[in-house]
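Novice: sequence plus predicted model, see below.
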Amino acid sequence: MEVEVVKETGEGALQVDAKVANDNNEAPVLTDLERLFKGSRPLPAIALVGTFLLGMVAFLYFAKVFFLPVILAVILSFLFKPVIKWLARLKVPPPLGAAIVLIGVLLALGNGITKLTKPVTEFIGKLPESLRQVEDKVRHFIRPAEQLSQAAAQVQEITNGNQEKPTPKVEVKRTNLSDTALSATTSFLAGALETIVLLYFLLASGEVFLQKMVKVLPNFHEKKKAAAIAHEVQQNISAFLFTVTLINLALGVMVGLGVWLAGLSNPILWGAAAALLNFIPYFGPIVGVCILAMAGLLSFDSAGYALIPPAIYLILHAMEANFITPMILGRRLTLNPMVIFVSFMFWTWLWGIPGALISVPLLMTLKIFCDHFKSLAPIGEFLSG
């Protein structure tokens, strides 16, 4: 007879440690994946799974308007949950605590947007002229290489002969930018309002949703496992988001202070940009370095001085990514860098910039879920760093 030895771990999650050999020739216990492929050919089963996954991707793409505010609200609730619990210890009820937190966050965002509106508007208004200035300075710095390229082109023209080539026709299509901007703004405001309302209900309800989810499960062991998974997801995502937010804010302050000491104007704008872009894996810091390099080229005549602002951001980001964040978060929240990049590309393609912001929390949630089921443990191991 085959016996499973079961023990309870810290959060009540169930794990199977060992199995006694089957002495009575009974049918072996099958995992979920083995049940899927048992009695069927592998190719039809794989085709069925592939069709289901493609259908899910198409469903998430077309249902973005509904799912994106819900997922954003859930992830943001993990971020603000520690504050609600802290207020609850001070005898502040969750509905009032949720209102205080959201009002404080909205006031802070509104104040920040008000202060940054003027420099951002000026930067965008001067962008075409700034790009021309940057292009002129870059050409001045690389003029020797450009002269060499022109000489090579002249030699190639002499070799091939002067053959006239037909001039391509350029057709300019005009689009109504005002309608596009109005539609995008309306969609953004509607999604933001939905996210704020859902976030308030999630924060104000406390643990009601978790209790309801556990209550509908049929037996005690499934209730315990569901509670353990939900608790671990909430705890780990909350710790990750709260820590990363504080680290990015500190990084923004340091970048702003550094570029101010380097002589760059609008240090608050560059610090805020560095903090926000650092939430986006890989490409966020690259965009930050490019923006600060352009700002340096516009502010300084010397190439050496122009490279100081992006160098400051690059050095600070390298210290944060390689030393500070791993030291604070530890290995329990580390993920495979290749999987992070693939997840970032997928969610960015699916849902744009909001998808890029939630790609890592969704990946962490998937890893925690896989770690609690034996049949999915190899996937969880693959996702880990």
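Specialist: Good, I have the coordinates.
Novice: how many other residues sit next to Met364?
Specialist: By the measure other Cβ atoms under 10 Å, the count of residues near Met364 is 21. From N, CA and C alone the C-beta is placed, and that goes for glycine too.
Novice: now Ala108: how far from His372?
Specialist: Ala108 is 37 Å from His372, where distance means Cβ to Cβ, to the nearest Å.
Novice: between these two, which one's more packed in?
Specialist: The neighbour count for Ala108 versus His372, taken as other Cβ under 10 Å, is higher for His372 (20 against 10).
Novice: check which helices and strands the longest helix seen in the chain sits against.
Specialist: Longest helix in the chain by number of residues (criterion: DSSP state H): helix 220-261. When contacts are defined as 3 or more Cβ pairs under 8 Å, 6 or more residues apart in numbering; DSSP states H and E, helix 220-261 packs onto strand 14-19, helix 64-89, helix 208-215, helix 267-277, helix 308-319, helix 325-329, helix 337-371.
Novice: any low-confidence regions in the protein?
Specialist: Along the chain, the parts satisfying pLDDT under 70 run over 1-43, 45, 130, 133-134, 136-184, 209-210, 213-214, 330-333, 385.
Novice: go again with 80.
Specialist: For the chain, the stretches with pLDDT under 80 are 1-50, 119-120, 122-185, 187-188, 206-230, 301-303, 326, 329-335, 372-373, 384-385.
Novice: between the helices and strands packed on helix 220-261, which one is closest to Leu48.
Specialist: Taking Cβ to Cβ, helix 337-371 is the member of those nearest to Leu48, at 20.6 Å.
Novice: report the buried residues of the closest one.
Specialist: Buried residues in helix 337-371, counting neighbours by 16 or more other Cβ atoms under 10 Å, are found at 339-340, 343-345, 347-348, 350-351, 354-368, 370-371.
Novice: can you check stretch 44-63 too?
Specialist: Of the residues in stretch 44-63, Leu60 count as buried by neighbour count, 16+ other Cβ under 10 Å.
Novice: kindly export it (C-alpha atoms) in CSV.
Specialist: Extracted in CSV, the C-alpha atoms of stretch 44-63 (Å, rounded to 0.1, in the frame of the first residue of the first chain):
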residue,chain,number,x,y,z
PRO,A,44,-2.9,16.0,-29.2
ALA,A,45,-2.5,16.8,-25.5
ILE,A,46,0.2,19.4,-26.2
ALA,A,47,-1.9,20.8,-29.0
LEU,A,48,-4.9,21.1,-26.6
VAL,A,49,-2.7,22.9,-24.0
GLY,A,50,-1.2,25.2,-26.6
THR,A,51,-4.7,26.1,-27.9
PHE,A,52,-5.9,26.8,-24.4
LEU,A,53,-2.9,29.1,-23.7
LEU,A,54,-3.3,31.0,-27.0
GLY,A,55,-7.0,31.4,-26.2
MET,A,56,-6.1,32.8,-22.8
VAL,A,57,-3.6,35.3,-24.3
ALA,A,58,-6.2,36.5,-26.8
PHE,A,59,-8.8,36.7,-24.0
LEU,A,60,-6.5,38.8,-21.8
TYR,A,61,-5.6,41.1,-24.8
PHE,A,62,-9.2,41.9,-25.7
ALA,A,63,-10.4,42.0,-22.1
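Novice: run the chain-centre distance for it.
Specialist: In terms of Cα atoms, centre = their mean, to the nearest Å, the centre of stretch 44-63 is found 23 Å from the chain centre.
Novice: now do stretch 378-385
Specialist: Taking mean C-alpha positions (Cα atoms, centre = their mean), stretch 378-385 and its chain are 19 Å apart.
Novice: kindly report the same for stretch 257-272.
Specialist: Worked out by Cα atoms, centre = their mean, stretch 257-272 lies 25 Å from the chain centre.
Novice: quick one: contacts of that stretch?
Specialist: The contact list for stretch 257-272 (Cβ atoms under 8 Å, 6 or more residues apart in numbering) reads 112, 115-116, 119-120, 123, 252-256, 291-292, 295-296, 299-300, 305, 308-309, 312-313, 316.
Novice: mind listing what's buried along that stretch?
Specialist: Buried residues in stretch 257-272, counted by 16+ other Cβ under 10 Å: 258-260, 262, 264, 266-267, 269-272.
Novice: tabulate the helices and strands packed on helix 220-261 in JSON lines, adding columns for distance to Ser238.
Specialist: Formatted as JSON lines, these follow (distance: least, Cβ to Cβ, whole Å):
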{"stretch": "strand 14-19", "distance to Ser238": "23"}
{"stretch": "helix 64-89", "distance to Ser238": "4"}
{"stretch": "helix 208-215", "distance to Ser238": "13"}
{"stretch": "helix 267-277", "distance to Ser238": "20"}
{"stretch": "helix 308-319", "distance to Ser238": "24"}
{"stretch": "helix 325-329", "distance to Ser238": "12"}
{"stretch": "helix 337-371", "distance to Ser238": "10"}
